[in-house]
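Q: Got a sequence here, can you build the structure:
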Amino acid sequence: MQKLVEIRKRMKTVRSIRSVARTMATVASAKLSRSKDRAAGIREYTEMVRQVVQRQQAYAAARDLDLTSISRFMTPRPVESVVLLHLAADRGMCGAYNMSVNRVAAGVISRLQGLGIETSVIAKGAKGDRYISRKTSARVIESGTWPRAGVVEREVDALAARLQAAFLNGECDEVWCTYTRFYSPLRREPRAVRLLPLVLDEPARGPGGRATETSGELWFYEPDMPAILDDLLGELLRLQVEDVLLESFASEQGARMITMEEATERADKMLRELSVTHNRLRREMITSDLIGVLFASQVRENEGEDGDAEAAEAGEAW
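A: Residues are numbered from 1 along each chain as shown. Next comes the predicted model:
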């Protein structure tokens, strides 16, 4: 009986775990559906803005102008300090998502510090903040958590402005980001990308190494080319920040959805096994009880027959 009670308690616990896992999988699926659509749209828009900037680069290069000397966003410097934007999750229960991107960040920090480059980290996500603080010697200058809504515009604006100010004010010479690229709920790729200074594809060059225009367009800039390019490149940086945030959030929700669905399946399997064990023990107990009843009945019958025989013998003796 004691073992049967323990199995029932365990089945109740597994049912509770299954309910929580199923709910978390449903919530993650809903968040993933919204975030992946936004990520796809931002990805396309970012590519369109990048193409516009590349056309300006080709137009300027055909006139022997170098954008790296015109725009502050593209001006390379000797690298002595780097700010790393590290994106992870606030909590676990999403498989190897956090550990994968944390290891990429640790590898980037180790490589930069091995080159003698001072590395500071802006961590978004409690899991990433704790990992960087405990496992690396990099300094976490800022940290934050994800809002319930995921990626919100005001946080994108604030983070993009923070990174832009750090680069333009000389706080760092490069800005890197470690995040997880989302392809599907089953396919995610942790990676490291450089956000600043911005790097575009080299324009096509003709004979003599002179850049060639891709079209016969004639551009006029008001107020001037550097101001227009700064606005375009600032918007491109903001779009890249929003893109990596959305990709990371979608990857986290995809990983959590898959992990919780697997947990639900394992809970279902365990419940089936516990149910079989419970029914077997219950049948054994019922069989044991029936055998006890039958044995007691047989004893009573034997005692009755013995009593009748003794009474008959006593009558005869009388």
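
Q: From here on, just use CA atoms for contacts and neighbour counts.
A: OK.

Q: Which elements pack onto the helix or strand bottoming out on mean pLDDT in the chain?
A: None of the helices or strands of the chain scores lower by mean pLDDT, DSSP states H and E than helix 67-70, at a mean of 72. With contacts taken as 3 or more Cα pairs under 8 Å, 6 or more residues apart in numbering; DSSP states H and E, helix 67-70 sits against helix 2-61.

Q: What average pLDDT does the helix it packs on get?
A: Averaged across helix 2-61, pLDDT comes to 87.

Q: would you say Arg181 is within a strand?
A: Yes. Assessed by DSSP: H, G, I helix; E, B strand; the rest coil, Arg181 belongs to a strand.

Q: what pairs with it across the strands?
A: Beta-bridge pairing of Arg181 under DSSP bridges involves Glu189.

Q: on that earlier part again, residues making contact with the least confident helix or strand of the chain?
A: 57, 60-61, 74-76, 226 (Cα atoms under 8 Å, 6 or more residues apart in numbering).

Q: helix or strand right after that helix?
A: strand 81-87 (DSSP states H and E).

Q: and the next helix or strand after that next one, which residues are buried?
A: Remark: after strand 81-87, the chain's next helix or strand is helix 97-114, criterion DSSP H and E. By 16 or more other Cα atoms under 10 Å, the buried positions in helix 97-114 come out as 97-106, 108-110, 112-113.

Q: Show me what the helix of greatest length in the chain packs onto, helices and strands only.
A: Ranked by residue count and defined by DSSP state H, the top helix of the chain is helix 225-317. Packing contacts for helix 225-317, counted by 3+ Cα pairs under 8 Å, 6+ apart, involve helix 2-61, helix 97-114, helix 153-168, strand 174-184, strand 187-196.

Q: mind running it again at 6 Å?
A: helix 2-61, strand 174-184 (3 or more Cα pairs under 6 Å, 6 or more residues apart in numbering; DSSP states H and E).

Q: Rounded mean pLDDT for that helix, please.
A: 83.

Q: can you start the count at 340 instead of 1 from here on
A: New numbering, starting at 340: the last item is helix 564-656.

Q: Tell me what angle that helix forms with strand 420-426.
A: 40 degrees (axes from the mean of the first three to the mean of the last three Cα atoms, to 10 degrees).

Q: Run the chain-centre distance for helix 564-656.
A: 29 Å (Cα atoms, centre = their mean, to the nearest Å).

Q: picking up where we left off before, minimum distance to Val495: which of the helices and strands packed on helix 564-656 has it?
A: helix 341-400 (12.5 Å; Cα to Cα).

Q: Show me the residue sitting in the middle of the chain in space.
A: Of all residues in the chain, the one closest to the mean position by Cα atoms, centre = their mean is Glu591, 2.1 Å from it.

Q: now it: how far from Lys348?
A: For Glu591, the distance to Lys348 (Cα to Cα, to the nearest Å) stands at 33 Å.

Q: Check Arg621 too.
A: Applying Cα to Cα to Arg621 and Lys348 gives a distance of 15 Å.

Q: What is the burial count for Glu492?
A: When neighbours are defined as other Cα atoms under 10 Å, Glu492 has 9 of them.

Q: which residues does it contact?
A: Listed by Cα atoms under 6 Å, 6 or more residues apart in numbering, Glu492 has no contact partners.

Q: Let me see the confidence value for it.
A: 91.

Q: Report the separation between it and Gly573.
A: With distances taken as Cα to Cα, Glu492 is found 15 Å from Gly573.

Q: what's the answer for Val440, then?
A: For Val440 relative to Gly573 (Cα to Cα), the value is 26 Å.

Q: ok, now Val490?
A: Distance from Val490 to Gly573, by Cα to Cα: 19 Å.

Q: same question, Trp515
A: With Cα to Cα as the criterion, Trp515 and Gly573 are 16 Å apart.

Q: In terms of neighbours, single out the busier of the two.
A: Between Trp515 and Gly573, Trp515 has the larger neighbour count (other Cα under 10 Å), namely 20 against 17.

Q: Mind checking the pLDDT average for stretch 474-488?
A: On average, stretch 474-488 scores 92.

Q: tell me which residues in it are buried?
A: Those would be 477, 479, 482, 484-485, for stretch 474-488 by 16+ other Cα under 10 Å.

Q: can I get the CA coordinates of that stretch in PDB?
A: The C-alpha coordinates for stretch 474-488 follow below in PDB (Å, rounded to 0.1, in the frame of the first residue of the first chain):
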ATOM      1  CA  LYS A 474      33.800  33.100 -16.200                       C
ATOM      2  CA  THR A 475      35.700  35.900 -17.800                       C
ATOM      3  CA  SER A 476      37.800  38.900 -16.600                       C
ATOM      4  CA  ALA A 477      35.900  41.400 -18.800                       C
ATOM      5  CA  ARG A 478      34.200  44.300 -17.100                       C
ATOM      6  CA  VAL A 479      30.400  44.500 -17.300                       C
ATOM      7  CA  ILE A 480      29.700  48.200 -17.600                       C
ATOM      8  CA  GLU A 481      25.900  47.800 -18.100                       C
ATOM      9  CA  SER A 482      23.400  45.000 -17.700                       C
ATOM     10  CA  GLY A 483      19.700  44.700 -18.200                       C
ATOM     11  CA  THR A 484      16.900  42.200 -18.600                       C
ATOM     12  CA  TRP A 485      14.300  41.600 -21.300                       C
ATOM     13  CA  PRO A 486      10.800  43.100 -20.900                       C
ATOM     14  CA  ARG A 487       7.800  40.900 -21.000                       C
ATOM     15  CA  ALA A 488       7.000  42.200 -24.400                       C
END
